[in-house]
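A.B. asks: Structure, please.
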Amino acid sequence: ILGGVRFSDRKEIRDIVAYLQLLVNHNDRERLLRVINEPRRKIGDRTLEAVEAIAEEQGCSMFEVMQYASRYAALSRSAVALMNFTAVINELTALVGHVTLGELFDQVADRTGYRQMLIDGGEQEKDRLDNLNEFKSAMVEYESRTEEYTEPTLTGFLEENALVADVDRYDESADAVVMMTVHSAKGLEFPIVFLPGMEDGLFPGMQTITAGTDEMEEERRLAYVAITRAREQVIILHTRSRIWYGQTVANPLSRFVGEIPEECLMREDLTMEGLAKAAVITPGAKPTVQQTGYYERPRRPRAPVHTD
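C.D. replies: Residues are numbered from 1 along each chain as shown. Modelled structure (predicted):
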């Protein structure tokens, strides 16, 4: 993955994952220390050192010491803050398995104060809020995808999320697909380019659509850059509906695709309905575009190419 910080490595994503991991395991010292002051709770390093020392002496977890902080003279100044924090975590833990993952996310983001912290940060924290919303979409998508064959759980989502993060950390010099932003792709060329999410609201983005002509022209130039990165073939993808910021939306095909001459396009309907139409065509008969919803893709031999 080129051209930016990996999504799973962004601070706000690591923070919210740490909160969720803490709900699963209160004894997770690393995650506890990561979020104890996110947002700030006036719990200083000396207090945390005292908590850790007591935990070692008592043979228990730091979380348990915080939960009963009023019992320890060394923690008297921060006892209220420590116990308030553990009370919130315990209340959120009680919700696990009783609310949907999307609802659990909202409860964690709101009751810990994390979302409000970003809101209070103003415009400069807007991207972080957007990333949290996108993470919520991933939780909702996981839940809807798995509930057909098994019970979706917080633990299952976190395990899957960890696997995806591991896949992201591949060797950039390897023979592998390269994922990058359009801006990062300027000046580069590849045999085949995939452009997912070519929909109004995504590319061009909703802010561009509502902003005015100048912004739309800039986004159109960016679309030109994306399309012309391909030496042989561009595969443009769009959906009938998608989960976007936790909501199901149906975006129209990007207006930029509509500006490409029709003779340059081959359309394929890869929805279940489209594939079903193709399946009922009379054997031996050549299907039409109207029957299948897609053009037959011409096949030709091509030597293997590296896309990295």
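A.B. asks: Flag the shaky bits of the stretch 151-300 of the chain, pLDDT-wise.
C.D. replies: The stretch 151-300 of the chain contains residues with pLDDT under 70 at 163-174, 184, 186, 277-300.
A.B. asks: where along it do the strands fall?
C.D. replies: Counting by DSSP state E, counting those that start in this stretch, the segments of the stretch 151-300 of the chain that form strands are 190-195, 230-236, 242-244, 247-249.
A.B. asks: elements contacting the longest one?
C.D. replies: Where contact means 3 or more Cβ pairs under 8 Å, 6 or more residues apart in numbering; DSSP states H and E, strand 230-236 is packed against strand 190-195. C-betas here are computed from N, CA, C, even on glycine.
A.B. asks: residue ranges for the helices of this protein, please.
C.D. replies: Here the chain has its helices, by DSSP state H, at 11-24, 29-35, 45-58, 62-67, 79-95, 101-111, 114-120, 126-146, 154-168, 206-211, 213-227, 255-258, 272-279, 289-292.
A.B. asks: Between the ones you listed, which one is closest to Val193.
C.D. replies: Val193 lies closest, by Cβ to Cβ, to one member of these: helix 213-227, at 7.1 Å.
A.B. asks: So what touches that closest one?
C.D. replies: Outside of helix 213-227, the residues within contact range by Cβ atoms under 8 Å, 6 or more residues apart in numbering are 182-183, 185-186, 193, 195, 203-205, 207-209, 234, 254, 256, 259-260.
A.B. asks: ok, of those residues, which come out buried?
C.D. replies: Among the contacts of helix 213-227, those that count as buried by neighbour count (16 or more other Cβ atoms under 10 Å) are 182, 185, 193, 195, 203-204, 208, 234, 254, 256.
A.B. asks: re earlier: would you turn the helices of the chain into a markdown table with distance to Glu199?
C.D. replies: What follows is the helices of the chain, written out as a markdown table (distance: least, Cβ to Cβ, whole Å):
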| stretch | distance to Glu199 |
| --- | --- |
| helix 11-24 | 24 |
| helix 29-35 | 35 |
| helix 45-58 | 47 |
| helix 62-67 | 44 |
| helix 79-95 | 34 |
| helix 101-111 | 22 |
| helix 114-120 | 27 |
| helix 126-146 | 15 |
| helix 154-168 | 23 |
| helix 206-211 | 11 |
| helix 213-227 | 12 |
| helix 255-258 | 9 |
| helix 272-279 | 17 |
| helix 289-292 | 22 |
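A.B. asks: who wins for proximity to Ser241 among those?
C.D. replies: Shortest distance between Ser241 and those, using Cβ to Cβ, is found for helix 126-146: 11.6 Å.
A.B. asks: Quick one: distance of that closest one to the chain centre.
C.D. replies: Centroid separation between helix 126-146 and its chain, computed with Cα atoms, centre = their mean, to the nearest Å, is 5 Å.
A.B. asks: burial of Ile16, as a residue count?
C.D. replies: When counting by other Cβ atoms under 10 Å, one arrives at 24 neighbours for Ile16.
A.B. asks: Need the pLDDT of it.
C.D. replies: We note a pLDDT of 96 for Ile16 in this prediction.
A.B. asks: related to what we said a few turns ago, can you tell me which of the helices of the chain is most buried?
C.D. replies: Most buried of the helices of the chain by mean neighbour count (mean count of other Cβ atoms under 10 Å) is helix 62-67; its value is a mean of 22.
A.B. asks: which secondary structure elements does it contact?
C.D. replies: On the basis of 3+ Cβ pairs under 8 Å, 6+ apart, helix 62-67 makes packing contacts with helix 29-35, helix 45-58, helix 79-95.
A.B. asks: check contacts around the closest residue to Leu202 other than its chain neighbours.
C.D. replies: With Cβ to Cβ, 6 or more residues apart in numbering as the measure, Asn251 is the residue that lies nearest to Leu202, at 6.5 Å, once sequence neighbours are left out. Each residue near Asn251 by Cβ under 8 Å, 6+ apart is listed here: 199-202, 238-239, 242, 244.
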